[in-house]
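[1] Next come a sequence and a model predicted from it.
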Amino acid sequence: MEKYILENQESFKLEDIFDCGQCFRWNKQEDGSYIGVIKDAVIKVEQKNNKIIFSGESDRDFKSIINYYFDLETNYSDYKNKLSKVDEFLSESIKFGEGIRILKQDLWECIISFIISANNNIPRIKKIIERLSEKYGEKIVFDDKEYYKFPTPEALGKASVQDLRDLGVGFRDKRIYNTTKMVLEKQVDLEKIEKLENTNLMRDELLKLDGVGPKVADCILLFALKRLDVFPIDVWVRRVMNDLYIHKEDEEKVNKKELQKLAEEKFGSLSGMAQQYLFYWRRETSA
DNA sequence: ACCCAGGGTCGTC
DNA sequence: GACGACCCTGGG
């Protein structure tokens, strides 16, 4: 068992990081710690006073996995200072979600996870991803309990449309099936996407995948490819942006272009960060 | 029991 | 560009 301890780490609260909607595979334990699977490693994180303790096992360098995944080279104070100056709403939302960090998640896992997220709710999304991993992912034993890696494209490629439907993914069965095929056949080359410089070129590639529309593409860009200039618009973001800035009676009539433009003007290259603070704030504070 | 919404996308018009 | 359909589950 390896351990890695951080002291006085700025911008790091487990609840904020794991409950802000960016990831689906971290589960809170009874003692307040969280356990999750990062690629091939099961990791446990606990936060006590000013210490953050990571424990787990991995073939790769434990510290570098953590440093990378939790984006520990980035200083979030700079982001927060800039965004807090935008207006009182941002300042308020940042105060609420001060411990948020944007995780650098696996691209493939992120693609499938957000295809599943379409017109779905978070508890169900998490359950579906667990079932997919149990059935098609490799087993790992940690602390005498069983965990499962997220399935590789090759492993998931063994599932038929019907297999997926039987697992409870619903109408997303064909989308997952088709996207897996496209990735396996390299009609969309994930390694190439990761090397692209331009956000729009990356998005164009992602949009070729079945089940990936503008919203899902932007989530993938933000949560796996670390593009902070995107602004994923879902029902919650539309809601909070309308309440704060637009004030239309019927929030469904707020169009996406208007919101994209507003985000670009107000948040610019930090739009993705702003989106997370606003989303988390609005979702957690509304009954 | 019934209705509705949930981190949208797709096919069709 | 607008519109309905779409699996399933939890909550009112």
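    Received the coordinates, thanks.

[2] List the contacts of the closest residue to residue A:110 other than its chain neighbours.
    Distances taken as Cβ to Cβ, 6 or more residues apart in numbering put residue A:224 closest to residue A:110, at 3.8 Å, once the chain neighbours are dropped. Where C-beta positions appear, they are placed from N, C-alpha and C, glycine not excepted. For residue A:224, the contacting residues are A:104-107, A:109-111, by Cβ atoms under 8 Å, 6 or more residues apart in numbering.

[3] ok, which stretches of chain A are strands?
    Ranges of strands within chain A are A:2-7, A:26-28, A:34-38, A:41-48, A:51-57, A:139-142, A:145-148, based on DSSP state E.

[4] what does the longest one contact?
    When contacts are defined by Cβ under 8 Å, 6+ apart, strand A:41-48 is touched by residues A:12-14, A:29, A:31-37, A:52-58, A:60, A:62, A:65-66, A:140, A:142-143, A:147.

[5] got it, and the fifth one?
    Contacts of strand A:51-57 from elsewhere in the structure, counted by Cβ under 8 Å, 6+ apart, are A:1-7, A:9, A:12, A:41-47, A:62, A:66, A:142.

[6] List the buried residues for it?
    A:52, A:54-56 (16 or more other Cβ atoms under 10 Å).

[7] try stretch A:223-232
    A:223-225, A:227-232.

[8] For chain A, which residues score under the pLDDT cut-off?
    A:287 (pLDDT under 70).

[9] Show me how it divides into domains.
    Domain segmentation of chain A under automatic domain parsing yields A:2-75, A:107-223, A:235-285.

[10] rewinding a little: select, from the buried residues of stretch A:223-232, the two members most distant in space.
    Distances among these were taken as Cβ to Cβ; the most separated pair is A:224 and A:231, at 16.1 Å.

[11] Next to DNA strand B, which bits of the stretch 51-200 of chain A? Give me the list.
    A:117-122, A:124-125, A:171, A:175 (Cβ under 7 Å from any atom of the strand).

[12] follow-up on the earlier one: show me which of the buried residues of stretch A:223-232 neighbour DNA strand C.
    Okay, of the buried residues of stretch A:223-232, nothing touches DNA strand C (Cβ under 7 Å from any atom of the strand).

[13] Quick one: those residues as JSON lines, columns for distance to DNA strand B too.
    Below are those laid out as JSON lines (distance: Cβ to the nearest atom of the strand, whole Å):
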{"residue": "A:223", "distance to DNA strand B": "7"}
{"residue": "A:224", "distance to DNA strand B": "12"}
{"residue": "A:225", "distance to DNA strand B": "15"}
{"residue": "A:227", "distance to DNA strand B": "13"}
{"residue": "A:228", "distance to DNA strand B": "13"}
{"residue": "A:229", "distance to DNA strand B": "14"}
{"residue": "A:230", "distance to DNA strand B": "10"}
{"residue": "A:231", "distance to DNA strand B": "8"}
{"residue": "A:232", "distance to DNA strand B": "4"}
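
[14] tally of neighbours for residue A:275?
    25 (other Cβ atoms under 10 Å).

[15] Give me the nearest residue to it, chain neighbours excluded.
    Residue A:275's closest residue in space is residue A:231 (Cβ to Cβ, 6+ apart), at 5.2 Å.

[16] picking up where we left off before, and residue A:98, which of the domains of chain A is closest to it?
    Closest among those, using Cβ to Cβ: domain A:2-75, at 6.6 Å.

[17] from the residues of the stretch 51-200 of chain A next to DNA strand B, which is closest to DNA strand C?
    Lowest distance from DNA strand C to these (Cβ to the nearest atom of the strand) belongs to residue A:171, with 3.4 Å.

[18] if I look at the residue nearest to residue A:110, how far off is residue A:286?
    28 Å (Cβ to Cβ, to the nearest Å).

[19] same thing with residue A:276?
    16 Å.

[20] which of the two has more neighbours?
    Each of residue A:276 and residue A:286 has its neighbours counted (other Cβ under 10 Å); residue A:276 has more, 25 against 10.
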